[in-house]
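J.: Compute the structure for the input listed below.
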Amino acid sequence: MRRFLNATYKAAGMFSAFLILAICLLISTQIVLNGMGRLMPGMLPSTIPSYADFAGFMLAGATFLAMAYTLRSGGHIRVNLVMQHLSPRLVILAEGVTLLIASAFVAFALYFCGALVWESLHYGDVSNGIIPVPLWIPQLAMTFGMGLLLVALLHTLFDLITTGSSVLNTPDEV
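T.: Just a heads-up that it's a prediction; the model follows:
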């Protein structure tokens with residue numbers, strides 16, 4: 001199960017990286033089209049319809065899909081100033097409490113993300129750009145990312161309990 005979860009986190013992280021690359025390509029193409037439109041008017045279209053909407057949707061997807069991978073790879077910002085002065089048992093207790101609180105907040109957010117997707121489907125909400133995109137599509141990426149983050153938090157809590165040692169704390173962090 002651990003191997004499957006780690007592969008899932010990594011796949012979501014890789015897809016997130018792909019979305020960032022797609023944003024770069026989309027914006028670069030738009031810049032080239034703007035320049036070509038000024039140099040040779042009428043030769044090429046001067047804009048990509050709804051490119052800002054698509055870039056925003058991809059940024060939201062990349063952000064939420066990367067959270068679980070970032071947590072499990074130790075990339076989230078942590079301040080260990082207090083933790084380095086605690087005994088190992090208190091560090092484990094503090095991490096456990098932190099993971100429980102974070103799981104509760106993420107579960108709360110996940111519930112409302114799911115409700116937002118359902119509401120968008122129910123009312124047929126679409127973006128207001130040139131190209132109307134059903135809003136449940138980018139919202140579903142956000143909801144999936146939140147769900148994966150919840151699984152990663154619970155996975156990390158399970159690792160903390162089963163190993164009996166600090167999972168989030170590394171000596172090189174400050």
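J.: for this protein, what spans make up the strands?
T.: Counting by DSSP state E, no segments of the chain form strands.
J.: okay, which residue is most central for it?
T.: F64 (1.7 Å; C-alpha atoms, centre = their mean).
J.: Do a quick rundown of the helices in the protein.
T.: 2-39, 51-72, 88-123, 136-163 (DSSP state H).
J.: For the second one, give me every contacting residue.
T.: So the one you mean is helix 51-72. Applying C-beta atoms under 8 Å, 6 or more residues apart in numbering, the external contacts of helix 51-72 come out as 6, 8-10, 12-13, 15-17, 19-20, 22-23, 26-27, 30, 48, 75-76, 127, 129, 131, 133, 137-138, 141-142, 144-146, 148-149, 151-153, 155-156. Using the backbone N, CA and C atoms, a C-beta is placed for each residue, glycine as well.
J.: Now with 6 Å, please.
T.: Contacts with helix 51-72, where a contact means C-beta atoms under 6 Å, 6 or more residues apart in numbering, come from 9, 12-13, 15-16, 19-20, 22-23, 26, 30, 76, 127, 129, 138, 141-142, 145, 148-149, 152.
J.: and I130, how many neighbours does it have?
T.: I130 is flanked by 12 other residues according to other C-beta atoms under 10 Å.
J.: Isn't it up against P45?
T.: No - using C-beta atoms under 6 Å, I130 is not in contact with P45; the gap is 11.8 Å.
J.: show me the residues around the spatially closest residue to A109 that is not a sequence neighbour that make contact.
T.: Leaving aside its chain neighbours, A109 sits nearest to M146 (5.6 Å; criterion: C-beta to C-beta, 6 or more residues apart in numbering). If you count contacts by C-beta under 6 Å, 6+ apart, M146 has them with A109, L110, C113.
J.: if you set the cut-off to 8 Å instead, what comes out?
T.: M146 makes contact with F64, M67, V106, A109, L110, C113 under the criterion C-beta under 8 Å, 6+ apart.
J.: Give me the buried entries from these.
T.: F64, M67, V106, L110, C113 (16 or more other C-beta atoms under 10 Å).
J.: Report pLDDT for the first one.
T.: When you say that, I think you mean F64. Model confidence at F64, given as pLDDT, is 97.
J.: for the chain, which spans come out with low pLDDT?
T.: Residue ranges of the chain with pLDDT under 70: 78-79, 169-174.
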